[in-house]
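1. this one's structure only:
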């Protein structure tokens, strides 16, 4: 990390490593898609599927199986039970299908649950933090809107980068963006996290971050294309990435300086959000260099 | 860009503005009363996830509004055709179309003429095969739907306002939903709020034709074999909830003689036995209609129908014009709430609760504390890092960063953006990324120094060459944020707004604020070297 302090520009040959990086990316994409297929798509939260969701905080560590078993025996079989936040928080998210708990029953169900918490050994000392009921009509619409806004975002970015740069750059940026979105989604799926509206927001932030990073490198590549017109595309891309490397590392440091406290101390609800951003920031930085820039090399070479 | 007076003034104005906009956030209840007269007196709104309380998303059934509209066309045609001695054979209502059927071509022609004089502006009218179709025009349908949601919102606003809760917020969400947020509402308030909101509160007054303990008895009284047969005769059957065993069912005319629309007030009173009841008064035309109704029906029972159920059916003793009373098995609270919903008017169309969220106050408090702690830790780390890395320029970047945060918070409160948990997290990320622009610029300045440029020339070149990099990078993010704002609802919209404001403010802080401060430091001085 000496180069951070000195003013010499590093001369790492990124382009020659891009082929290997593409294999890594393909492997990551396969894992991500595999997990998504295995889990039957993202684990849509209650905001998308409808149903009832209860967020409880317990006094002691209790296993998810125990919670499920206890609730089963009280006649309210949960659809999903998840640990929320860090294990020391003892916070859990319990989801019930719309069939198990209907809207009219929520009041009764909630007091029933309070009774269970007060008396049952498993739940002793716990408290209900939040109760959400979402009707069936809202859900599908939200998924549609989330997908449309991500697609439109991609198109908007494609058009802007096409106007400001050229088509090859625009495609590179969008391919990197799709790459980041799928891998981050995969990470959420592998970690068995519920895909909530907040995570949609986090995913969109990741897209913004990834594109931001890509554009800064592109800008430098383009500048050097004009300045050193004799250099081949590989050298121009290498120079661009190396010239912006210090900035890439420094910005990643400041971003992690805020994300890590958020991940560790932000509380259970922010925790998953921060997790998504951390994964996304790492993937986003990597893809700007190895996917977006690699595509520019590929595009230019193909064009001859 | 020099440290011109224009830019310095701009920065000072934006800073002052942000402080003014933010003051209520920090002063809270101790904001002086004159403040609200001069400046906005609302600070940053905290979302329910941060404050605890109740969140309800209400779906408005605007289709019913369209049906009602078609029904009123039918009623109007019926009245008009009666004068011409024309009978309507039957009718159907299908989505946006009303079909009236007739016995003869001449009847159809008469009806068509009346229909065209009265409804051609709002509907397309087609005559075919002894039937007449009224299809509402698209513009009119959206007009009806919009009116329905506006009325529902108004009614709900009136009802919630009377509950005396702190700061309830009622907004339209999309074309057919209403979002209600009641911060700080307790579990105890919950059911009551839902009941009061959902209540249709349609009050009707109808003359009783028959009453009895079972459906069969009342049907027999009118020689009807089934409720459908009864409906064909123009009567309808209502369940009774009067507290008398022999009044479980009532038969009345289908159309109400007088409705609750002409009520001018309703309040809780007590009946002769000291039980809670609701007294109401009529206004204007309603009073005279009620007067006629009671005068013509002295000695008969007058049913008070609330949302389809007969609450009481007193025998009319004399002509009454302005006063009435609903008795029943009410607790004081129920009677109070009934008076409240009657005062605020009936819901024009049914509503349905589509989403409900109750957040315990402890979660909100804990979230805020944790969010704040992690934000402060992150902020301090970034500030230290920048000074460690860029020395004096790091301090400049830090000042720009702090002002940036101030601007963002100020404008969040100006635009009434609701700050939610993801919003806070978005803000923290902005904090981490805010220095990015400065890093790009500072690195560029360093490069320029390395090529042998003088400090001032290096600053100029660094800022000049980085400007479009910073803009390009941020505009692309802004595009995603704006699309998100356009499409998103609820928390996503808030997040997008926070992000958009954050991006604009960050670019301003990076390229204007930091530049002006840098120029103030180095301008007019012979600088041997930059502290960077």
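-> Good, I have the coordinates. Just so we're clear, the structure is a prediction, and the values are computed from it rather than from any experiment. Numbers count the residues shown, from 1 in each chain, chains lettered A, B, ... in the order given.
2. give me the buried positions along whatever helix or strand residue A:36 lives in.
-> Assigned by DSSP states H and E, residue A:36 falls within helix A:18-38. By 16 or more other Cβ atoms under 10 Å in any protein chain shown, the buried positions in helix A:18-38 come out as A:18, A:21, A:25, A:28, A:32, A:35-36. Backbone N, C-alpha and C define where each C-beta goes, glycine included.
3. and residue A:3, what pLDDT?
-> In this model, residue A:3 is scored at 68, pLDDT.
4. quick check: mean pLDDT of the helix holding residue A:36?
-> For helix A:18-38, the mean confidence score works out to 95.
5. which residues does it contact?
-> Helix A:18-38 is contacted by residues A:42, A:179, A:182-183, A:185-187, A:189-190, A:286-287, A:290-291, A:293-294, A:297 when judged by Cβ atoms under 8 Å, 6 or more residues apart in numbering or on different chains.
6. could you point out which element follows it?
-> helix A:46-49.
7. contacts for that following helix, please.
-> A:52-53, A:95, A:132, A:134, A:138-140, A:142-143, A:195-197.
8. quick one: the strands in the stretch 301-450 of chain B?
-> B:302-306, B:309-312, B:323-326, B:351-359, B:418-419 (DSSP state E, counting those that start in this stretch).
9. to clarify, my last question referred to the stretch 51-200 of chain A.
-> So, for the stretch 51-200 of chain A - with DSSP E, counting those that start in this stretch - the strands run A:51-57, A:80-84, A:91-96, A:127-134.
10. now swap in the stretch 1-150 of chain B and tell me
-> B:45-46, B:53-60, B:88-94, B:97-102, B:123-128, B:131-136.
11. run the chain-centre distance for stretch B:91-106.
-> Here stretch B:91-106 is found 37 Å from its chain centre; the criterion is Cα atoms, centre = their mean, to the nearest Å.
12. so the spatially most central residue of chain B: helix, strand or coil?
-> Residue closest to the average C-alpha location in chain B (Cα atoms, centre = their mean): residue B:171, at 2.0 Å. Under DSSP: H, G, I helix; E, B strand; the rest coil, the three-state class of residue B:171 is strand.
13. so it touches residue B:177, yeah?
-> No. Contact status for residue B:171 versus residue B:177: not in contact, 9.4 Å apart, counting by Cβ atoms under 8 Å.
14. tell me if whichever helix in chain B runs longest is near chain A.
-> Secondary structure of chain B per DSSP state H: the longest helix is helix B:361-414. Yes. Judged by Cβ under 8 Å from any Cβ of the partner chain, helix B:361-414 and chain A are in contact via B:362-363, B:366-367, B:370-371, B:373-375, B:377-379, B:381-382, B:385-386, B:389.
15. rewinding a little: go through the strands of the stretch 51-200 of chain A and name the closest to residue B:189.
-> Closest approach to residue B:189 among those is made by strand A:127-134 (14.0 Å; Cβ to Cβ).
16. residues touching the closest one, excluding its own?
-> Outside strand A:127-134, the residues that reach it (Cβ under 8 Å, 6+ apart) are A:46-47, A:49-57, A:91, A:101, A:103, A:106, A:110, A:113-114, A:117, B:49, B:353-360, B:362-363.
17. let's see 6 Å
-> A:46-47, A:50, A:52-57, A:103, A:106, A:110, B:355-360, B:363 (Cβ atoms under 6 Å, 6 or more residues apart in numbering or on different chains).
18. just stretch A:162-173 next, same as before
-> Contacts for stretch A:162-173 (Cβ under 6 Å, 6+ apart): A:158, A:161, A:211, A:214, A:218, A:292, A:295-296, A:299, B:472.
19. what does stretch B:119-135 give?
-> Here stretch B:119-135 has contacts from B:73, B:96-102, B:108, B:111-112, B:115-116, B:136-137, B:140, using Cβ under 6 Å, 6+ apart.
20. got it, and stretch A:270-289?
-> Contacts for stretch A:270-289 (Cβ under 6 Å, 6+ apart): A:14, A:85, A:176, A:179-180, A:183-184, A:187, A:193, A:198-199, A:202, A:206, A:209-210, A:213-214, A:217, A:241, A:252, A:255, A:259, A:262-263, A:266, B:422, B:425.
21. take those and keep only those in helices.
-> A:176, A:179-180, A:183-184, A:187, A:198-199, A:202, A:206, A:209-210, A:213-214, A:217, A:241, A:252, A:255, A:259, A:262-263, B:422, B:425.
22. just the buried residues of the residues of helix B:361-414 next to chain A.
-> B:363, B:366-367, B:370-371, B:374-375, B:377-379, B:381-382, B:385-386, B:389.
23. closest to residue B:22 among those?
-> Among these, and counting by Cβ to Cβ, the member closest to residue B:22 is residue B:375, at 15.9 Å.
24. which non-adjacent residue is nearest the closest one?
-> Ranked by Cβ to Cβ, 6 or more residues apart in numbering or on different chains and with sequence neighbours excluded, the top spatial neighbour of residue B:375 is residue B:428, at 5.0 Å.
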